[in-house]
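Engineer: build me a structure from this.
(one chain, ligands or ions: 3)
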Amino acid sequence: MKVMKFGGTSVGKPHRMHEVANLITKDNEDKIVVLSAVSGTTNSLVEIGNFLSANNKAEAKTKIDALEAQYRSFIKELVATPEALQKAEDVLKEHFEFLNIILRISYNEALNKDILAQGELLSTKLFSIYLGEKGIDHALLPALDFMSIDANDEPQVEAIREKIKTALAQHPGKKLFITQGYICRNAKGEVDNLKRGGSDYSASLIAAAIKASVCEIWTDISGMHNNDPRVVNKTIPIEQLSFDEAAELAYFGAKILHPASIWPAQQYNIPVKLLNTMEPEAKGTIIVEKAASVGVKAVAAKDSITAVNIRSSRMLLAYGFLRRVFEIFEKYRTPIDMITTSEVAVSVTIDNDASLTEIVRELESFSTVGVDKGQTIICIVGNEIAAHPDTLKKVFESLQNVDVRMVSYGGSAHNISLLVDSAQKTDVLKGLNSGLFGLN
Ligand code: ADP
Ligand code: ASP
Ligand code: MG
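Structural biologist: Residues are numbered from 1 along each chain as shown. Ligands and ions are numbered 1, 2, ... in the order given. Below is the predicted model of the structure:
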């Protein structure tokens, strides 16, 4: 059995959904198809939630109506028969009635998660109606019946496996299943989600849970490229990556994959393919245990980073200092990405600054603390980067006019990380594109 996940653009227009139906019926292998929301829908739902949390019901209502109008024309192009159109209208009625009822309820975070779930519920139900119209035998598998996160907001593959088995067993003989990406239930049983871009994570978790033959991530570009195509002009696809390389790229900003989406596939050794819905014949990228070659493969950038510099005149030879520092970050459940140290100071970076004030207050009880917001981590990823003696030389030659705030090298064999001010990100990515890859 295999998993095929289609992102927002891949289901973003009625004719794209038609194309997805072709792609999932090309071979006879049993499959679970994971769909994102129609592109733009989750952004609209976020805005609706924001308006409601600000008690701006009028704007929320305007947004809901605009979204409904968009779906009304979508379904007219999606299906052809009056019966299928009626079914699609009923689906819209159900979900837009729900959003309109929410306008009358007082806002809370749990309700917001329900709002955010509407996108994937709509896309899968509408797609299922289209498949039904085409006579393509399948079953709709509600993700809320099996996808779950624990009290620490972490998904557990074993728990998902048990529940998905039960869900699949309700459809004996079926070979094709359609389910929602992104949405899940939390430890309280409420509707929740795997954070923005989380459909990739859903796909990888499902692939791990059912021990799929492959996890295919279908998107709008032919595989992982060597640099961010939104920032630099010329990028090239990478044929093969190791799980470690792909995980670093995803975590450090390559938007094509959700930051956490590699570990489930890696843990159960399931190959991940990145493929292009608009160009299905293109090779794309295959992600497997072993890297294909030695050297630098790609660079990625992660924005909205905060650097915290912790200085103590008594740090010199003071064992226990780093432990005290790390315990404070642990206490506030704030992961550290980069670390550099000198004799008198340590600098760390975080991307979640929700508890920054408390962290700084506690650190100040034994050190002097400096905070720099608006930073970007540039991550240079490859296999045995250190094996190539000229890599570091090329990196620094590419960065001659850049003020590099931190450098991290040697922590793993596949990563060099740099911290720069976000204003310099574009220059750095362009400089590395020509310096490391000879691309302009
Ligand atoms: P989907 O909706 O299918 O999940 P996303 O928009 O989340 O698609 O991810 C695909 C996009 O990721 C591409 O269109 C591209 O602009 C962006 N991207 C950023 N970095 C990379 C990279 N290194 N390689 C490929 N795509 C990248
Ligand atoms: N629809 C969700 C989002 O836009 C999940 C996803 O597309 O992966 O973030
Ligand atoms: Mg995505």
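Engineer: what are the ranges of the strands in the stretch 151-300 of the chain?
Structural biologist: For the stretch 151-300 of the chain, the strands defined by DSSP state E, counting those that start in this stretch occupy 176-180, 183-185, 191-193, 215-219, 240-242, 272-276, 285-288, 295-311.
Engineer: point out the most buried one among the ones you listed.
Structural biologist: For the strands of the stretch 151-300 of the chain, average neighbour numbers computed from mean count of other C-beta atoms under 10 Å are highest in strand 215-219, which has a mean of 26. Backbone N, C-alpha and C define where each C-beta goes, glycine included.
Engineer: does that one reach ligand 1?
Structural biologist: Yes - for a cut-off given as C-beta under 6 Å from any ligand atom, strand 215-219 has contacts with ligand 1, namely Thr219.
Engineer: ok and that strand relative to strand 272-276, angle-wise?
Structural biologist: 20 degrees (axes from the mean of the first three to the mean of the last three C-alpha atoms, to 10 degrees).
Engineer: quickly run through the sheet partners of strand 215-219, with directions.
Structural biologist: strand 2-6 (parallel), strand 272-276 (parallel) (DSSP bridges).
Engineer: quick one, what contacts Thr42?
Structural biologist: 8, 36, 116, 119, 182, 196 (C-beta atoms under 8 Å, 6 or more residues apart in numbering).
Engineer: after the host helix or strand of the fourth one comes which helix or strand?
Structural biologist: To tie it back to what came earlier, the one meant is Gly119. Element membership of Gly119 [criterion: DSSP states H and E] is helix 109-133. For helix 109-133, the succeeding helix or strand toward the C-terminus, using DSSP H and E, is strand 139-141.
Engineer: buried stuff in that following strand?
Structural biologist: Going by neighbour count (16 or more other C-beta atoms under 10 Å), the buried part of strand 139-141 is 139-141.
Engineer: same check on stretch 71-86?
Structural biologist: Buried, per 16+ other C-beta under 10 Å, within stretch 71-86: 71, 74-75, 78-79, 84-85.
Engineer: between the two ends of it, how far is it?
Structural biologist: 13 Å (C-alpha to C-alpha, to the nearest Å).
Engineer: other residues contacting it?
Structural biologist: 13-15, 17-18, 38, 87-89, 92, 96, 122, 126, 129-130, 132-133.
Engineer: can you tell me which of those are buried?
Structural biologist: Buried subset of these (neighbour count, 16+ other C-beta under 10 Å): 14, 17, 38, 87-89, 92, 96, 122, 126, 129-130, 132-133.
Engineer: ok, the most centrally placed residue in the chain - contacts?
Structural biologist: In the chain, the residue lying closest to the centroid (C-alpha atoms, centre = their mean) is His258, at 1.9 Å. His258 makes contact with 194-195, 197-201, 250, according to C-beta under 8 Å, 6+ apart.
Engineer: contact partners for the closest residue to ligand 1 within the chain?
Structural biologist: Of all residues in the chain, Gly7 sits closest to ligand 1, at 1.8 Å by C-beta to the nearest ligand atom. Gly7 is in contact with 36, 39, 199-200, 217-220, counting by C-beta under 8 Å, 6+ apart.
Engineer: if we go to 10 Å?
Structural biologist: Counting by C-beta atoms under 10 Å, 6 or more residues apart in numbering, Gly7 touches 34-37, 39, 181, 197, 199-200, 203, 217-221, 256, 277.
Engineer: inside helices: which ones of those?
Structural biologist: Counting by DSSP state H, the contacts of Gly7 place 199-200, 203 in helices.
Engineer: would you format those as JSON lines with distance to Ala246 and neighbour count included?
Structural biologist: Shown next, in JSON lines, are the ones in helices among the contacts of Gly7 (distance: C-beta to C-beta, whole Å; neighbours: other C-beta atoms under 10 Å):
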{"residue": "Ser199", "distance to Ala246": "17", "neighbour count": "28"}
{"residue": "Asp200", "distance to Ala246": "11", "neighbour count": "28"}
{"residue": "Ala203", "distance to Ala246": "14", "neighbour count": "32"}
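Engineer: isn't Gln170 up against Ala139?
Structural biologist: Yes - Gln170 is in contact with Ala139 according to C-beta atoms under 10 Å; the separation is 8.1 Å.
Engineer: export stretch 156-169 to PDB, keeping only CA atoms.
Structural biologist: Below are the C-alpha coordinates for stretch 156-169, written out as PDB (Å, rounded to 0.1, in the frame of the first residue of the first chain):
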ATOM      1  CA  GLN A 156       2.700   8.800  18.200                       C
ATOM      2  CA  VAL A 157       3.000   6.400  15.200                       C
ATOM      3  CA  GLU A 158       1.900   3.300  17.300                       C
ATOM      4  CA  ALA A 159      -1.300   5.000  18.500                       C
ATOM      5  CA  ILE A 160      -2.100   6.100  15.000                       C
ATOM      6  CA  ARG A 161      -1.400   2.600  13.600                       C
ATOM      7  CA  GLU A 162      -3.900   1.000  15.900                       C
ATOM      8  CA  LYS A 163      -6.600   3.500  15.100                       C
ATOM      9  CA  ILE A 164      -6.000   3.500  11.300                       C
ATOM     10  CA  LYS A 165      -6.200  -0.300  11.300                       C
ATOM     11  CA  THR A 166      -9.600  -0.100  12.800                       C
ATOM     12  CA  ALA A 167     -10.700   2.600  10.400                       C
ATOM     13  CA  LEU A 168      -9.400   0.600   7.400                       C
ATOM     14  CA  ALA A 169     -11.100  -2.600   8.600                       C
END
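Engineer: and the protein, which of its residues are near ligand 1?
Structural biologist: When proximity is defined by C-beta under 6 Å from any ligand atom, the chain lies next to ligand 1 at 7-10, 36, 197, 219-221, 224-225, 228-230, 254-256, 298, 300.
Engineer: and Pro389, what's its pLDDT?
Structural biologist: If you check Pro389, the pLDDT there is 78.
Engineer: for it, phi and psi?
Structural biologist: The phi and psi values for Pro389, taken as degrees, to the nearest 10, are phi -60, psi -30.
Engineer: distance check, it against Val296.
Structural biologist: Distance from Pro389 to Val296, counting by C-beta to C-beta, to the nearest Å: 13 Å.
Engineer: need the buried ones from the contacts of His258 selected in PyMOL.
Structural biologist: Buried members of the contacts of His258 can be picked out in PyMOL with the line below, counting by 16+ other C-beta under 10 Å:
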select buried, resi 194+197+198+199+200+201+250
